[in-house]
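**Student:** Got a sequence here, can you build the structure:
(3 chains)
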Amino acid sequence: MENNWKGLASKTFFGRPTPDLARSLLGMVIAHDGPLGRCAGRVVEVEMYRGPDDRAAHSFGGKITPRTRVMYGPPGHAYVYFVYGMHYCLNVVTGPPGSPEAILIRALEPLQGIELMAQRRHLEITGSVSNLCQLTNGPAKLAQALGVAQQEYGLAFFNSRLQLYHDWDPLASEEIATGPRINVNYAGEAAQYPWRFWIKNHLCVSVKDRIQKTKT
DNA sequence: ATAATGATTGGC
DNA sequence: CCAATCATTATT
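**Tutor:** Prediction:
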């Protein structure tokens, strides 16, 4: 399989604290070698979910269930879950074993396997930037585009058909925006935590930064 | 065994 | 705005 990017992330890369890792993931590339070919995209938006104390996290309260089990294992593995009866979402497990934390990948910039992604998403390619972003500008959209589902549960990003690559140098903090997580309003106080991170002004972010309207 | 609910999306 | 659609989870 070809490798256009700077380097595969190492197992030890995933050992850093979750807030650091969440920011580090921005600008990196996720690739998946599925039966129909290879697809890849640049990470432009993530959210972190932090173990037993985070009301918004599936691991809140320290519950270990078949679904959340992988979050209690070592970092760098894929936590894939099914929601709303029809969608899959992809997370990177973080934190040491016993610390159930994860980072939800919320948006990618499509880079490789565009035709295959469009096929899986049932979209036409028109060539416009906004059309391209529609392939992967949402957590369930990117899972569908990459061909990631329950089969990918538990795969290691450093050692499997699902991979995370370094590409850009780490982003400067001025290039990263933060804000509250999306759709966690049931989580009380935790709903306010600024645990969503995205690349400022990037067109593929799922929920746009508020642009100040200039009056004419 | 049964019921509630959701880390979403797309269509009206 | 709201329906689609079902695995997971908690509860009986």
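**Student:** tell me, what residue is most central in chain A?
**Tutor:** Centroid check for chain A by C-alpha atoms, centre = their mean gives A:I105 as the closest residue, at 1.1 Å.
**Student:** List the beta-bridge partners for it.
**Tutor:** A:V46 (DSSP bridges).
**Student:** tell me the contacts of it?
**Tutor:** A:25, A:30, A:43, A:45-46, A:89-92, A:139, A:142 (C-beta atoms under 8 Å, 6 or more residues apart in numbering). For glycine as for every other residue, the C-beta is placed from the backbone atoms N, C-alpha and C.
**Student:** Nearest to A:Q112 among those?
**Tutor:** Lowest distance from A:Q112 to the contacts of A:I105 (C-beta to C-beta) belongs to A:I30, with 10.4 Å.
**Student:** For that closest one, list each beta-bridge partner.
**Tutor:** A:G41, A:L164.
**Student:** Likewise for the one 4 residues further on?
**Tutor:** Taking DSSP bridges as the rule, A:G34 bridges to A:G37.
**Student:** Distance of the residue nearest to the centre of chain A relative to DNA strand C?
**Tutor:** Separation of A:I105 from DNA strand C (C-beta to the nearest atom of the strand, to the nearest Å): 19 Å.
**Student:** Next step: the contacts of A:I105 restricted to strands.
**Tutor:** Members of the contacts of A:I105 lying in strands (criterion: DSSP state E): A:30, A:43, A:45-46, A:89-92.
**Student:** Please compute how far stretch A:75-89 lies from its chain's middle.
**Tutor:** Its chain's C-alpha centre lies 10 Å from the corresponding centre of stretch A:75-89 when counted by C-alpha atoms, centre = their mean, to the nearest Å.
**Student:** Correction: the previous question concerned stretch A:35-54.
**Tutor:** Worked out by C-alpha atoms, centre = their mean, stretch A:35-54 lies 2 Å from the chain centre.
**Student:** Then stretch A:71-87?
**Tutor:** 11 Å.
**Student:** which parts of that stretch are buried?
**Tutor:** Within stretch A:71-87, the residues scored as buried using 16 or more other C-beta atoms under 10 Å are A:71-81.
**Student:** cool, and stretch A:154-165?
**Tutor:** By 16+ other C-beta under 10 Å, the buried positions in stretch A:154-165 come out as A:154-158, A:162-165.
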